[in-house]
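Trainee: I'd like to go over a predicted model; first the sequence, then the structure.
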Amino acid sequence: MTYDSLDWRLDEDGVGLLTLDRPDRLNAMNWQVAEEIETFFRTDALSDEVRAIVVTGAGRAFSAGADLDAAEQVFAYDRSLLEILDKFRERYDQPPYQQKVRDGGGRMTLAINAVPKPVIAAINGPAVGFGATMTLAMDARLMSSAARIGFVFGRIGLVPEAASSWFLPRIVGLARSLELVYTADIIDASLALQYGLVRSVHEPDRLVEEAMIFARRCTSDRSPYATGLTKRLVYHGAGAGDPLEAHLSDSLATYWASLVDAQEGIAAFQEHRRPRFTGRASDIPDLF
Amino acid sequence: MTYDSLDWRLDEDGVGLLTLDRPDRLNAMNWQVAEEIETFFRTDALSDEVRAIVVTGAGRAFSAGADLDAAEQVFAYDRSLLEILDKFRERYDQPPYQQKVRDGGGRMTLAINAVPKPVIAAINGPAVGFGATMTLAMDARLMSSAARIGFVFGRIGLVPEAASSWFLPRIVGLARSLELVYTADIIDASLALQYGLVRSVHEPDRLVEEAMIFARRCTSDRSPYATGLTKRLVYHGAGAGDPLEAHLSDSLATYWASLVDAQEGIAAFQEHRRPRFTGRASDIPDLF
Amino acid sequence: MTYDSLDWRLDEDGVGLLTLDRPDRLNAMNWQVAEEIETFFRTDALSDEVRAIVVTGAGRAFSAGADLDAAEQVFAYDRSLLEILDKFRERYDQPPYQQKVRDGGGRMTLAINAVPKPVIAAINGPAVGFGATMTLAMDARLMSSAARIGFVFGRIGLVPEAASSWFLPRIVGLARSLELVYTADIIDASLALQYGLVRSVHEPDRLVEEAMIFARRCTSDRSPYATGLTKRLVYHGAGAGDPLEAHLSDSLATYWASLVDAQEGIAAFQEHRRPRFTGRASDIPDLF
């Protein structure tokens, strides 16, 4: 697959670097870019050659969010849909809802979240609007000391999207979530770190390399099969009603992992050697 | 509406200050005060003239919680209700459950949470029992350096109420929640800040002004319509089972916001001018 | 009840110390130890003489997790169960699922979580694998400055178990949870404290005493009945969909607490004397 607005390269160790690549537009999104991103996470990202994905931006920005010069395209909803809006929840993935009512940001973040392997944001420069919320669906956020991030929707009469109302409170807590979206401030890296919005701050010229190193820590000598199940478990558990639900799910995941890679993992541990895992992320079962 | 135990004044910019006004009783609650508070948040607070609400206490306390001198009134439950207690969940808002079984604190915090605009606690002095839990349903907490806060229920054989078991873990996490309610300690402002229970600590004579400034940061040049939807989304997302649920809700909210104020917001942003939003909080639809 | 692998002693003030007592095996788990732990939390721990429980390890480790020398026993799942795995969720507590599919770690942590009184981990030395996840179901974690903790499952092709995917995100947040399980690092006490994974760090020779002191702070002059309800409310609220659910539950809990110990608690407070509570943890009703 080739992309117009994305640059995708894969290391030999399976860590890929996806670069949002419209630097002249500060890597802003329009429908075409959004479709490329969703396609990437629904296709190339799922290849078993890919063990983890680092996402960054070309040029000085991470992403300016929705391209407001294309706003008529992005935010001009069809008022006639009001008549059938009450059916949206049950038919959201059918026409006309799929294209005309579903938030494009959420289509992307659900695709990111569905990738059963680590996805890591390397926030190299300003990340605002969807440029900020898209990173919430990634599993870790590293930030350049020169970057800033802001959930600016309130400034333009909009609401936080991209399923951010699920991710953000689970990352920074409820009170800081409300503050970030009410003030709509664009905060710097040190405040983002203090809020727990990002895991670490790095010198600009070290950022992507540090993100790649972190990605390798999450994948080297790991079973992609067990890692995929682990990702599913943690996100599911973070939304589950009670520990019993997590118990039922992790019982099944342990059963599957034991059939696939755990015997080898334990043997390697006991023999003081590196494991030779064979499980594939693409084979993980549905646990829920 | 006039109140015996509350003082309510509204700035010309729409930021209101609600003062719990029984300083001789340390702003403690009895049924009459509770009813006034619930009435305030179900009526005056919903007026579209009101853009945000700061809540503080008159005199040296924020609130001493339930007025224990009226405890016979507040905590004397009717044992004969035991026979019909099994029907409480389905009939909680009907007699006799509505008045005789429902926790009065929860009736107030649900009313606070239902206000689709920022509600901000300015904790000027001791906040204990319901005086502490009522602030959890507010969207931000600022605290005087001289104030203290404590979930003291355990000291008198009671349990944390006012739906605090939903709010507290989402603000400070599960482990700190358990510690706060098990120890029932009354903690000072610096520990409250360290725990993330309050967003900031201020000099006593600056507290209310700082809370008003914060309220203005959340409302100035904002669409009340989009802000109301935003509040609904964040609380709903914090309790939702999975990101898809948030996606369906924020798709609908984005649709509505786009019809109401987003076009103006984007135009103003592009024209480098202040937006003229017309949407009203009282018009937001039910998203869920 | 006597145990082969556990040491259990109860202070006269009702604070018990449970010591994992296979120091030559670093207090690792096999099926026999797991069964003893589950039995302890389903029997002795529920005695009304027991007001709180501190859990620590004998010797230099807290617990090395599953005894990998018994791994064939622990992780050798029966492939023939695949045929009936689709019925697991509805029949998880019946044969053959109860013994052959359910994760043994989760059986223990659900038993720990079901104890309606404070359970406190005193992490005296390395806590890895289930040695780490078992502490997540406890209500507070104190840690020796010499101890380390790690969710190492990924290193051996396994997944985090013991319902940890429910507990961990609610203690340290979603992003740190993912980092801890992806990296599978064994972290030291100061990082565990910084992450909010433990509440405090202590000198090794002070750890257990500090945990006992903390346990007494949670139980002295407290109603075991109200404390039991409080624990149920906080865990339930942390997983509940919305504040209304917490309101319905804490209304019922307040009703019950008022019938049992609140009148005495309020009277003692007003008379400036210590309360004489009579409620028992074993009598708390099912609220949900």
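Mentor: The structure has been received and is ready for your questions.
Trainee: And whichever residue of the stretch 101-250 of chain A sits closest to chain C, how far from B:D242?
Mentor: Closest contact between the stretch 101-250 of chain A and chain C, by Cβ to the nearest Cβ, is at A:G237 (2.7 Å). Any C-beta I mention is one placed from the backbone N, CA and C, and that applies to glycine too. Distance of A:G237 to B:D242, given as Cβ to Cβ, to the nearest Å: 11 Å.
Trainee: Just confirm A:T39 contacts A:S5, I think it does.
Mentor: No - if you go by Cβ atoms under 8 Å, A:T39 and A:S5 don't touch, sitting 11.1 Å apart.
Trainee: The two - which one has more neighbours?
Mentor: A:S5 (20 against 16; other Cβ atoms under 10 Å in any protein chain shown).
Trainee: Please list all residues in contact with the more buried one.
Mentor: A:S5 sits next to A:20-22, A:32-33, A:36 when contact means Cβ atoms under 8 Å, 6 or more residues apart in numbering or on different chains.
Trainee: In strands, which of those residues fall?
Mentor: Among these, DSSP state E puts A:L20 in strands.
Trainee: near chain B too, which of the contacts of A:S5?
Mentor: Filtering the contacts of A:S5 for proximity to chain B by Cβ under 8 Å from any Cβ of the partner chain leaves nothing.
Trainee: Save the contacts of A:S5 as JSON lines, and put in pLDDT too.
Mentor: Below are the contacts of A:S5 laid out as JSON lines (pLDDT from 0 to 100):
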{"residue": "A:L20", "pLDDT": "98"}
{"residue": "A:D21", "pLDDT": "98"}
{"residue": "A:R22", "pLDDT": "97"}
{"residue": "A:Q32", "pLDDT": "93"}
{"residue": "A:V33", "pLDDT": "94"}
{"residue": "A:E36", "pLDDT": "97"}
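Trainee: Format the CA atom coordinates belonging to stretch A:139-151 as CSV.
Mentor: What follows is stretch A:139-151, C-alpha atoms only, in CSV (Å, rounded to 0.1, in the frame of the first residue of the first chain):
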residue,chain,number,x,y,z
ASP,A,139,-0.6,3.2,24.1
ALA,A,140,2.2,5.6,25.1
ARG,A,141,3.0,9.2,24.4
LEU,A,142,6.6,10.6,24.3
MET,A,143,6.9,14.4,23.7
SER,A,144,9.5,16.8,22.5
SER,A,145,10.4,19.5,24.9
ALA,A,146,9.5,21.9,22.2
ALA,A,147,6.1,20.5,21.5
ARG,A,148,2.7,21.6,22.8
ILE,A,149,-0.6,19.9,23.0
GLY,A,150,-4.2,21.1,23.3
PHE,A,151,-7.8,19.9,23.3
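Trainee: Do any residues in that stretch lie close to chain B?
Mentor: No - Stretch A:139-151 stays clear of chain B (Cβ under 8 Å from any Cβ), getting no nearer than 9.4 Å.
Trainee: Could I get the buried residue list for that stretch?
Mentor: A:139-144, A:146-151 (16 or more other Cβ atoms under 10 Å in any protein chain shown).
Trainee: ditto for stretch A:6-21
Mentor: Applying 16+ other Cβ under 10 Å to stretch A:6-21 flags A:6, A:8, A:10, A:14-21 as buried.
Trainee: And for it, what's in contact with it?
Mentor: Outside stretch A:6-21, the residues that touch it by Cβ under 8 Å, 6+ apart are A:3, A:5, A:27, A:33, A:36-37, A:40, A:44-45, A:49-58, A:62-63, A:208, A:212, A:215-216, A:219-220.
Trainee: ranges for the strands of the stretch 51-200 of chain A?
Mentor: A:52-57, A:119-123, A:127-128, A:140-144, A:148-150, A:186-188, A:200-202 (DSSP state E, counting those that start in this stretch).
Trainee: Can I get the ones you listed in TSV including mean pLDDT and distance to A:R79?
Mentor: Shown next, in TSV, are the strands of the stretch 51-200 of chain A (pLDDT from 0 to 100; distance: least, Cβ to Cβ, whole Å):
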stretch	mean pLDDT	distance to A:R79
strand A:52-57	98	35
strand A:119-123	98	36
strand A:127-128	98	28
strand A:140-144	98	37
strand A:148-150	98	30
strand A:186-188	98	32
strand A:200-202	98	44
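Trainee: Let me have the ones you listed in a markdown table, extended by distance to A:S80.
Mentor: Formatted as a markdown table, the strands of the stretch 51-200 of chain A follow (distance: least, Cβ to Cβ, whole Å):
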| stretch | distance to A:S80 |
| --- | --- |
| strand A:52-57 | 36 |
| strand A:119-123 | 37 |
| strand A:127-128 | 31 |
| strand A:140-144 | 39 |
| strand A:148-150 | 34 |
| strand A:186-188 | 36 |
| strand A:200-202 | 47 |
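Trainee: can I assume A:Q270 is in contact with C:L68?
Mentor: Yes - under the criterion of Cβ under 8 Å, A:Q270 makes contact with C:L68 at 6.3 Å.
Trainee: before we move on, which element is the residue of the stretch 101-250 of chain A closest to chain C in?
Mentor: Using DSSP states H and E, A:G237 sits in helix A:224-239.
Trainee: Remind me what that helix packs against, helices and strands.
Mentor: Contact here means 3 or more Cβ pairs under 8 Å, 6 or more residues apart in numbering or on different chains; DSSP states H and E; on that basis helix A:224-239 packs against helix A:164-172, helix A:243-257, helix C:164-172, helix C:174-183.
Trainee: for A:S63, what are its contacts?
Mentor: Contact analysis of A:S63 by Cβ under 8 Å, 6+ apart lists A:20, A:26-29, A:57, A:126-128, A:130-131, A:134.
Trainee: Count the residues that sit near the residue of the stretch 1-150 of chain A found nearest chain B.
Mentor: Minimum separation of the stretch 1-150 of chain A from chain B (Cβ to the nearest Cβ) falls at A:G106, amounting to 3.6 Å. A:G106 has 27 neighbours, counted by other Cβ under 10 Å.
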